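In: just to be clear, the model below is a prediction. Sequence and coordinates:
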Amino acid sequence: MPELLEYKCPACGGAINFDSNLQKMKCPFCDTEFDMETLKAYDEGLKNDQPDEMVWETSPGSQWDENEASGFNAYICKSCGGEIVADENTAATSCPFCNNPVVMMGKLSGILRPDYVIPFKLDKKAAKEGLMKHLQGKRLLPKIFKDQNRIEEIKGIYIPFWLFNADTDANIRYRATKVRTWSDSNYDYIQTSFFSVWRGGSLRFERVPVDGSTKMPDDLMESIEPYNFNEAVDFQTAYLAGYLADKYDVNADESIARANERIKHSTEQIFASTVHGYSTVIPESSNIRFRNGLVRYALYPVWLLNTVWNNKKYTFAMNGQTGKFVGDLPMDKAAYWKWFGGLTAVFGAITYLVAFFLNLL
């Protein structure tokens, strides 16, 4: 059976968690605090521990089908002896019986071990407040959704990200126009001049993130960017205590296409921003070459909130470091048509007034 790691308080024996406010490990039972440096030696010592080997020759029940068993793993909680069942990509969770936080060591060792982690800075209370703030000022949001909204699930989870570094050399050509208009007593004139505009140069990209989990939609994860990598630290399993964590199930090679797409799009945007003074600018050709590609593996903090309304599930995400909050909301159709009707009436009144004054002229 795979190995679990639990951080125990040496003072009282309780399970200790990472406290995002203190940026330390803290025992919720006796309030003892531990610096992260103190636990590095503890991690090193755990590498030399050998698991117990106690095998029973029994055969109750029937065997799982190979396809059924391949998708999850079972663990034994060292605190209460309860069984923890998690899918094959779960790297940190909590015991469903005693709620003690646990880390699946095998999911984070060897080539699977992250290089960096950005610790949570915001707690569950901040995530709930983020949702309430997200709901404020939404004029087309059904009032009953806000009043009766109940968070069905809220969890802090470390999401696996691949971080891509690359140098780019780019050559981009644009078709541009300048339009000049003038009039005389007889005619209105329009003169259009056409130009071919070239841009070339090099850019350096560092730590372009690509979500390494199929559970998380790429657009949702990218919507809560950016993260401040200056606050990243070398990975320690202690940061995962008290949170959920997944290992990647999309490897670095499979993430290259997404990284290329993001870097190419950013390069084209940056070069386009340098083309000024034209009426229209249309890209005609783009050639971008990558050099010095480098990939690193990191875990980034995300709060996920799920709520159900009218039998539909709504998922929200908050950046666990910066507090940036995103998520789709339902729309009150009656309020929408009322709002749309109001706009129509306003534009109708403006049109009438314009026509009235033109007739006076």
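Out: Ah, there it is. Numbering: from 1, shown residues only.
In: can you list the domains in this protein?
Out: 4-113, 124-329, 331-361 (automatic domain parsing).
In: for the nearest residue to Ala127 once chain neighbours are set aside, what are its contacts?
Out: Spatial nearest neighbour of Ala127, excluding adjacent residues (Cβ to Cβ, 6 or more residues apart in numbering): Trp303 at 3.9 Å. No exception for glycine: its C-beta is placed from N, CA and C like everyone else's. Neighbouring residues of Trp303 by Cβ atoms under 8 Å, 6 or more residues apart in numbering: 122, 124, 126-127, 130, 154-157, 317-320.
In: now, those residues that are in strands?
Out: Counting by DSSP state E, those place 154-157, 317-319 in strands.
In: just the buried positions in stretch 214-229, please.
Out: Neighbour-count burial for stretch 214-229 flags 216, 220-221, 224, 227 (criterion: 16 or more other Cβ atoms under 10 Å).
In: between the residues you listed, which sits nearest Trp182?
Out: Ile224 (50.0 Å; Cβ to Cβ).
In: residues contacting that closest one?
Out: 302, 317-319, 322, 324-326.
In: mind checking which of those are buried?
Out: Here, 16+ other Cβ under 10 Å leaves 302, 317-319, 322, 325-326 buried among these.
In: do you know the pLDDT at Tyr243?
Out: At Tyr243, the model reports a pLDDT of 87.
In: show me where the stretch 1-150 of the chain dips below the pLDDT cut-off.
Out: Low-confidence segments of the stretch 1-150 of the chain (pLDDT under 70): 1-5, 10, 39, 41-89, 91-92, 94-111, 137-150.
In: what of the stretch 151-300 of the chain?
Out: Across the stretch 151-300 of the chain (using pLDDT under 70), the flagged ranges come out as 151.
In: show me the helices in it, by range?
Out: 218-223, 252-272 (DSSP state H, counting those that start in this stretch).
In: run through the neighbouring helices and strands of the last one.
Out: Using 3 or more Cβ pairs under 8 Å, 6 or more residues apart in numbering; DSSP states H and E as the contact criterion, the secondary-structure elements in contact with helix 252-272 are strand 151-183, strand 188-211, strand 280-309.
In: can I get the ones you listed in JSON lines with distance to Lys8?
Out: Below are those laid out as JSON lines (distance: least, Cβ to Cβ, whole Å):
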{"stretch": "strand 151-183", "distance to Lys8": "21"}
{"stretch": "strand 188-211", "distance to Lys8": "33"}
{"stretch": "strand 280-309", "distance to Lys8": "23"}
